[in-house]
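*Asks:* Test case, fold it:
(chains A and B)
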There are 2 protein chains.
Amino acid sequence: MSQFKKMMLVGLTPLLLSGLLVGQVNRVSAAQHQNGQHKNTETTFAHFNKSGLLLMPKNYREWIFIGSPVTPKDMNDGNPAFPEFHNVYIDPASWAHWKKTGQFRDGTIIVKELVSVGAKQSASGNGYFQGEFLGIAATVKDSKRFAERPNYWAYFGFNGYQSKSAEPQPDESCNACHQANAAEDNVFIQHYPVLRAGKPGK
Amino acid sequence: MSQFKKMMLVGLTPLLLSGLLVGQVNRVSAAQHQNGQHKNTETTFAHFNKSGLLLMPKNYREWIFIGSPVTPKDMNDGNPAFPEFHNVYIDPASWAHWKKTGQFRDGTIIVKELVSVGAKQSASGNGYFQGEFLGIAATVKDSKRFAERPNYWAYFGFNGYQSKSAEPQPDESCNACHQANAAEDNVFIQHYPVLRAGKPGK
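*Replies:* Below you'll find the model as predicted:
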């Protein structure tokens, strides 16, 4: 045990024994990270209102980035399904669970932020370079809330960054394609090397 | 002041007064985040050995993702400068400083992870989809350690994931191009919407 942990235990023992601090200590412990590694395993990042609408996720650009496919307009007759870069993030608690189990836990939220192509040439060569943010979509897995959805995933599209909430899309709009084409549990991990590398045993 | 903070102060006061815990408490406090938002402002993420070589960064895939240009082989005569996707991350403490000041602090480390193109077609359409990790490069800003480098940035390339350290590249290899072509302080923020959106006042 580290000297710091020993000191913390000595200092906190009276309060821990009184029962006053236990819940709070757990909460703080769950929110720590060290050397940039997220450590929390308890926190919920998918929040819903009383009507069952998903609330607009916050701070998702500080979650765990898992991949960035680009389906440019000029490679899709000007009209890709999702223009154009898709910056994809998983919430930190579900990432911690993934690293431990290789499974998407109940409560997993994955955000897809759409970004325009801003340039096709830069000092590093020809290619595709991100431009401006266009909007976000999200998916949440929850075996209780979405017990009737295939693999328990529901999909949400937000109508602009000022949206406060979004309703689940019909299964045929999103879930069917994810279920049919994603490499694992509705998630396109074949395109997400961060998830593949984060799996236990990798 | 929250009830938790009050309790912490009561419980820790004897140790704080003794001077034993002050440094440790600061370190822990600096490493917290809430709702997925990194809160630390103190931690150092760029570490060097006694010879001045940059040590291989750890856990950078859990830092703040800032953008992912792709310079594919098939758009660069088979030989791009950086094949192919470049997943770019900034350390959490420097991100916190950027959000507050719009400046890259001393100690900023930015990691560029190179990823192959794994597919050019998926259910979402035609495009470029990430394949396998190929390696990393990094840059560090430090006005003392790199006082002679343009804008105080030094650039490092690691020779494979098993590398323990890397030496600074000559200025003409990396810095010159960054200085000439990057939109701000050697960083290509024109391709990094996360940085642009994170600037104060945006």
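*Asks:* any idea which helix or strand carries residue A:118?
*Replies:* Assigned by DSSP states H and E, residue A:118 belongs to strand A:109-122.
*Asks:* Tell me where chain A has helices.
*Replies:* Secondary structure of chain A, counting by DSSP state H: helices at A:3-18, A:22-30, A:92-101, A:175-181, A:193-198.
*Asks:* The strand holding residue A:118 pairs with which strands, parallel or anti?
*Replies:* If you go by DSSP bridges, strand A:109-122 pairs up with strand A:85-90 (antiparallel), strand A:125-141 (antiparallel).
*Asks:* per-domain residue ranges of chain A.
*Replies:* Following automatic domain parsing, one finds the domains of chain A at A:1-39, A:42-198.
*Asks:* The last one - what's its average pLDDT?
*Replies:* When you say that, I think you mean domain A:42-198. For domain A:42-198, mean pLDDT rounds to 97.
*Asks:* The shortest one too?
*Replies:* When pLDDT is averaged over domain A:1-39, the result is 39.
*Asks:* Of the domains of chain A, flag the one that's most buried.
*Replies:* Of all these, domain A:42-198 has the most neighbours on average by mean count of other CB atoms under 10 Å in any protein chain shown, namely a mean of 19. Where you see a C-beta, it was placed from the backbone N, CA and C, and this is true even at glycine.
*Asks:* Now find how far off-centre that one is within its chain.
*Replies:* Centroid displacement of domain A:42-198 relative to its chain, using CA atoms, centre = their mean, to the nearest Å, is 7 Å.
*Asks:* list the contacts for the residue nearest to residue A:57 when sequence neighbours are not counted?
*Replies:* Spatial nearest neighbour of residue A:57, chain neighbours left out: residue A:111 (5.5 Å); criterion: CB to CB, 6 or more residues apart in numbering or on different chains. Going by CB atoms under 8 Å, 6 or more residues apart in numbering or on different chains, residue A:111 touches A:57, A:60, A:63, A:88, A:89, A:136, A:137, A:138.
*Asks:* same deal with residue A:55?
*Replies:* Residue A:55 neighbours (CB under 8 Å, 6+ apart): A:47, A:48, A:49, A:164, A:165.
*Asks:* Leaving aside the residues adjacent along the chain, what's closest to the first one?
*Replies:* Spatial nearest neighbour of residue A:47, chain neighbours left out: residue A:55 (4.5 Å); criterion: CB to CB, 6+ apart.
*Asks:* is the one you found in a bridge, and if so with what?
*Replies:* Listed beta-bridge partners, residue A:55: residue A:165 (assigned using DSSP bridges).
*Asks:* And it, how close does it get to residue A:82?
*Replies:* Distance of residue A:55 to residue A:82, given as CB to CB, to the nearest Å: 22 Å.
*Asks:* partners of the most centrally placed residue in chain A in the sheet?
*Replies:* With distances taken as CA atoms, centre = their mean, chain A has residue A:90 as the residue nearest its mean C-alpha position (1.9 Å). Bridge pairing for residue A:90 (DSSP bridges) gives the partners residue A:64, residue A:110.
*Asks:* Correct me if wrong: it contacts residue A:107.
*Replies:* No. Residue A:90 is beyond contact range of residue A:107, at 11.3 Å (criterion: CB atoms under 8 Å).
*Asks:* who touches the closest residue to residue A:201 other than its chain neighbours in this structure?
*Replies:* Among residues not flanking residue A:201 along the chain, residue A:102 sits closest, at 7.8 Å (CB to CB, 6+ apart). By CB under 8 Å, 6+ apart, the contact set of residue A:102 is A:199, A:200, A:201.
*Asks:* Next, work out how far apart residue A:102 and residue A:95 are.
*Replies:* Noted for residue A:102: a distance of 12 Å to residue A:95, by CB to CB.
*Asks:* and of the domains of chain A, who's closest to residue B:176?
*Replies:* domain A:42-198 (10.2 Å; CB to CB).
*Asks:* Report the separation between residue A:60 and residue B:141.
*Replies:* For residue A:60, the distance to residue B:141 equals 27 Å [CB to CB].
*Asks:* Same question for residue A:164.
*Replies:* Going from residue A:164 to residue B:141 by CB to CB gives 38 Å.
*Asks:* Equivalent analysis for residue A:175, please.
*Replies:* Taken as CB to CB, the span from residue A:175 to residue B:141 is 45 Å.
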